[in-house]
Each structure stands twice: as structure tokens, then as C-alpha cells.
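Participant: coords please:
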Amino acid sequence: MKNLIPKRVMEYIIITFAVVLMDVGIYVFKFPNNFSFGGVSGMAVVFSHFIPMTSAQINLVINLILLMIGFIVLGRDFGVKTAYVTVVSSLLLNVFEKVFPMDRALTGNIMLELCFAIILPALAAALLFFENASGGGTDIVAMIIKKYSTMNISGALFAVDCVIVVVSFMVFDLTTGLCSVLGLIAKTLLIDKSIERMKLNKYFTIISSKPDEICEFIMNGLDRSATVYHGEGVYSHKDKKIILTVVDVRQAVLLQRFIDEVDPQAFLMVTKSSEVIGKGFMSYI
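Facilitator: All right, here's what the predicted structure looks like:
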């Protein structure tokens, strides 16, 4: 139980940081320019022109409805984390409205602001997905689609958000609509690449004359496990132990250094993998 507490605290530190990134991107760059490239924040921008409520208030109402659906379908742990994100994000947006009221774009440079409106929420979304949470809204819909289909998260988000972008053409001018299309495409690609990078692990196949020392380092030095099976060299006909293990990117560097120290003649095959599911790695949503 003691080991779980720091991990849980770190999860919420990362989630809180992601919320701040997301809200800065939404409030400072997305809302003032009427960018509507998907998400509940995109819906809020559109609906705020027809409903006597602020974008932040509309954002909260829609998020609460979808939050209940996500809680039921995706499980308690997801629901708790996403509830935290929804509450903190909504409060922060309202704080921004009170402390930093914005009635026009920050710089007047629409392309510069579009870049920040894309990058900040996209990086935040990737961090949240990595922690098995969500920014709420269409992210929840996307994760439900992913759970019951073969579509990946970015593809599911793209499908859901396309509807909002189409509506933006009907509500705003052509320039805003085209920027929303560009923003949606760029955001989808950035989320996909960011998630892939964050989930990256290294799969090692190790053939060494000192397998016991290497296995001990993997278990005690890296706090990972490994699988050992027996093989035979085709040329030498000598029995060999083959070690299979998966570690994260940082641990991969440490493992390679250790192997180079204890057995410079060891044979290594290292493969990148962004989908490792099991104890110590990812879990099914």
C-alpha cells in the first residue's frame, strides 16, 4: 500500500498539470478566436452564440452529462480521475474569466494563436489518456468507441469532432471554419504521436554468458521482471540462456550500460513497442 501512495500522488500531479495546459490553450487561444475544432469546448463556443450562458458554463454542463456516461461504461477509476479533471478544469476556466477577462484575441495573429490552441490541449489530452483519464466531453466518447471497436483514440476523436467542425462553418465565417478544420487535423495527429511517444517501451532479447547477473539487475536494479528460456547456438551447439524483458526508455539505457559492463560480448536485439499491456505497464481501459 505504501508504494501505491506516491504513484497515485504523481498521477494527480501529472493530471493537474495537464488540466492547466488544456485550460490555457482553451481560454487564451481557442475561445477568443471562436476556434471550434472539436471537443466540448468547441461545442461551447458554438452554443454560446445561441444560449445566454458563457462558454465555460456550457462546457461544464455538457461535461457533467458525458461524465456520468463515462463513469458507467468505463469504470470507477476512470470516472474518478475524469471527474477530478472536469471539476478542476471548470473551476479554472471560471477563475480565468474573473481574473483575466478576454474580449478579443491575445495577439491578433490568427495562425500563431491557432498553433497554441492546437498544441497545448493536444499535449494535455495525451497526458490525460496516458494516466487513464480524460479531459471529459468527446474524449469520453472516443474512449468508449475505442473500448468497443478496433479504432484507435485519435481516430475516434477525429470522427466525433468532425461533426462540431462542420457546424462551425454554419455559425462563423469561412476563415474561422477553415482554421477549425486545420486545427482538428493537426490536433488529431499530435495527440496520436504524443500518446505513442509516452507509451514507448523497449523490448530486449538478450543472449549472454552471464544471464544470472543480468536477471538480478533487471529485478533488483530496475524493478522489472524477465523470462528466460533455453536455446542452442547453431554454430557452437552450446546451450544458451535467452532473456526476454520489457523496460521503459530510461531503464533501457541503464540496462544497456550494465550489459556492456558485465558482458561486452552479449548479443542484444532491442525493439521499440508502444503497446505493452500487463502488470507494470498499460492496462485495458
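
Participant: Now do the contacts for residue 178.
Facilitator: Shown in contact with residue 178 (Cβ atoms under 8 Å, 6 or more residues apart in numbering): no residues. Any C-beta I mention is one placed from the backbone N, CA and C, and that applies to glycine too.

Participant: next helix or strand past the helix or strand harbouring it?
Facilitator: In this structure, residue 178 sits in helix 174-198 according to DSSP states H and E. Sequence order places strand 201-207 as the next helix or strand after helix 174-198, per DSSP H and E.

Participant: what's the distance between that next one and the middle of its chain?
Facilitator: Strand 201-207 has its C-alpha centroid displaced from the chain centroid by 25 Å (Cα atoms, centre = their mean, to the nearest Å).

Participant: Same check on stretch 53-61?
Facilitator: Centre-to-centre, stretch 53-61 and its host chain are 24 Å apart (Cα atoms, centre = their mean).

Participant: any idea how the chain splits into domains?
Facilitator: Domain ranges of the chain: 4-198, 201-273, per automatic domain parsing.

Participant: Now render the ones you listed as TSV, adding mean pLDDT.
Facilitator: Formatted as TSV, these follow (pLDDT from 0 to 100):
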stretch	mean pLDDT
domain 4-198	80
domain 201-273	88
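
Participant: before we move on, the earlier item: can you mark which positions in the helix holding residue 178 are buried?
Facilitator: 176-177, 179-184, 186-188, 190-192, 194-195 (16 or more other Cβ atoms under 10 Å).

Participant: could you show me where the strands are in the protein, in order?
Facilitator: For the chain, the strands defined by DSSP state E occupy 201-207, 227-232, 239-248, 267-273.

Participant: Could you tell me the angle between the helix holding residue 178 and strand 267-273?
Facilitator: Angle of helix 174-198 versus strand 267-273, following axes from the mean of the first three to the mean of the last three Cα atoms, to 10 degrees, is 150 degrees.

Participant: about what we covered before: among the domains of the chain, which is the most enclosed?
Facilitator: Comparing these by mean neighbour count (mean count of other Cβ atoms under 10 Å), domain 4-198 comes out on top with a mean of 19.

Participant: any idea how far residue 119 is from the spatially most central residue of the chain?
Facilitator: The residue lying closest to the centre of the chain (Cα atoms, centre = their mean) is residue 126, at 2.1 Å. Per Cβ to Cβ, to the nearest Å, residue 126 is found 11 Å from residue 119.

Participant: joint contacts of the two?
Facilitator: By Cβ under 8 Å, 6+ apart, residue 126 and residue 119 have these common neighbours: residue 190.

Participant: List the residues that contact residue 190.
Facilitator: 118, 119, 122, 123, 126.

Participant: show me what contacts the last one?
Facilitator: For residue 126, the contact set (Cβ under 8 Å, 6+ apart) comprises 190, 191, 194, 195, 198.

Participant: possible to save these as TSV with distance to residue 41?
Facilitator: Output for these, formatted as TSV (distance: Cβ to Cβ, whole Å):
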residue	distance to residue 41
190	16
191	15
194	18
195	20
198	22
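
Participant: Distance from the chain centre to stretch 213-231, please.
Facilitator: Centre-to-centre, stretch 213-231 and its host chain are 29 Å apart (Cα atoms, centre = their mean).

Participant: Nearest spatial neighbour of residue 70, chain-adjacent residues omitted?
Facilitator: residue 140 (3.8 Å; Cβ to Cβ, 6 or more residues apart in numbering).

Participant: circling back to that earlier point, closest to residue 221 out of the strands of the chain?
Facilitator: When the strands of the chain are compared by Cβ to Cβ, strand 239-248 sits nearest residue 221, at 10.5 Å.

Participant: name the helices or strands packed onto that closest one?
Facilitator: strand 201-207, helix 211-216, strand 227-232 (3 or more Cβ pairs under 8 Å, 6 or more residues apart in numbering; DSSP states H and E).
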